[in-house]
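J.: Sequence first, then the predicted structure:
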Amino acid sequence: GENVEQHPSTLSVQEGDSAVIKCTYSDSASNYFPWYKQELGKGPQLIIDIRSNVGEKKDQRIAVTLNKTAKHFSLHITETQPEDSAVYFCAASSNTGKLIFGQGTTLQVKP
Amino acid sequence: GAGVSQSPSNKVTEKGKDVELRCDPISGHTALYWYRQSLGQGLEFLIYFQGNSAPDKSGLPSDRFSAERTGGSVSTLTIQRTQQEDSAVYLCASSLVGFREIYEQYFGPGTRLTVT
């Protein structure tokens, strides 16, 4: 069935360093890949997304890359700040709109 | 504008009781999704509404779970005869819908359900 694998499960970086989170998906029909940030006690917040007709997308300190052949996509956060500390989820969707989520990555940015 | 709202924010119920969880989507969003977030299972899809109909109910874990949507807006997720394994955060999301186009899903804050 549909599956999304996310690594690492936890990530600790120094403030100012970069953080990279990677996901793989199984359903070749997937064509939409959003990333969500979830802070404690809140719902997931969409931070960036990418569609299958694009290989890379950037928004300030955040970028996402997609390799459709390998079924890989990654989130890159540069110049990390303490407020970037949260749980990050990747997801994949086909035209049904249903999101299949990865298991989440807890990012800790140390001041 | 206003985001997705959910009520109640917290619900504690006794095993065997029924509960109703409510979701108010973003105005104009015709698609509505329910997800469940639990410690052991991560974020799981439950059901998808397009308008008032539910073309995908594949994630509902048992026949104790049901959902409806009226007027193309508010949705209610009902869990009958609650069990301890139903304890989780129930999240609602909404989005626009287009022909062969996927739009961004925006989530509400969730309802934390605890079954004692």
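T.: Received, thanks.
J.: what stretches of chain A score poorly on pLDDT?
T.: Scanning chain A with the threshold set as pLDDT under 70 gives A:1.
J.: Show me what from it comes close to chain B.
T.: Chain A comes close to chain B at residues A:31-32, A:34, A:36, A:41-46, A:49, A:51, A:89, A:91, A:93, A:95-104, as judged by C-beta under 8 Å from any C-beta of the partner chain. Every C-beta, even on glycine, is put in place using the N, C-alpha and C of the backbone.
J.: For those residues, I'd like a selection string for PyMOL - just the buried members, please.
T.: Here is the PyMOL selection string for the buried members of these, based on 16 or more other C-beta atoms under 10 Å in any protein chain shown:
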select buried, chain A and resi 31+32+34+36+43+44+49+89+91+93+97+98+99+100+101+102+103+104
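J.: Filter the residues of chain A next to chain B down to just the ones in strands.
T.: A:32, A:34, A:36, A:45-46, A:49, A:51, A:89, A:91, A:100-101 (DSSP state E).
J.: Would you check how far apart the most far-flung residue of chain A relative to its centre and chain B are?
T.: No residue in chain A sits farther from the centre than A:Pro111, which is 22.5 Å out by C-alpha atoms, centre = their mean. A:Pro111 sits at a distance of 28 Å from chain B (criterion: C-beta to the nearest C-beta, to the nearest Å).
J.: My read is that that residue contacts A:Glu15, right?
T.: Yes. Using C-beta atoms under 8 Å as the test, A:Pro111 is close enough to A:Glu15 to be in contact (5.3 Å).
J.: and for these two, which residues touch both?
T.: Taking C-beta atoms under 8 Å, 6 or more residues apart in numbering or on different chains as the contact rule, A:Pro111 and A:Glu15 both touch A:Pro82.
J.: Export the ones in strands among the residues of chain A next to chain B to JSON lines and append columns for distance to B:Ser94.
T.: What follows is these, written out as JSON lines (distance: C-beta to C-beta, whole Å):
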{"residue": "A:Tyr32", "distance to B:Ser94": "16"}
{"residue": "A:Pro34", "distance to B:Ser94": "14"}
{"residue": "A:Tyr36", "distance to B:Ser94": "15"}
{"residue": "A:Gln45", "distance to B:Ser94": "14"}
{"residue": "A:Leu46", "distance to B:Ser94": "12"}
{"residue": "A:Asp49", "distance to B:Ser94": "16"}
{"residue": "A:Arg51", "distance to B:Ser94": "20"}
{"residue": "A:Phe89", "distance to B:Ser94": "18"}
{"residue": "A:Ala91", "distance to B:Ser94": "16"}
{"residue": "A:Ile100", "distance to B:Ser94": "18"}
{"residue": "A:Phe101", "distance to B:Ser94": "17"}
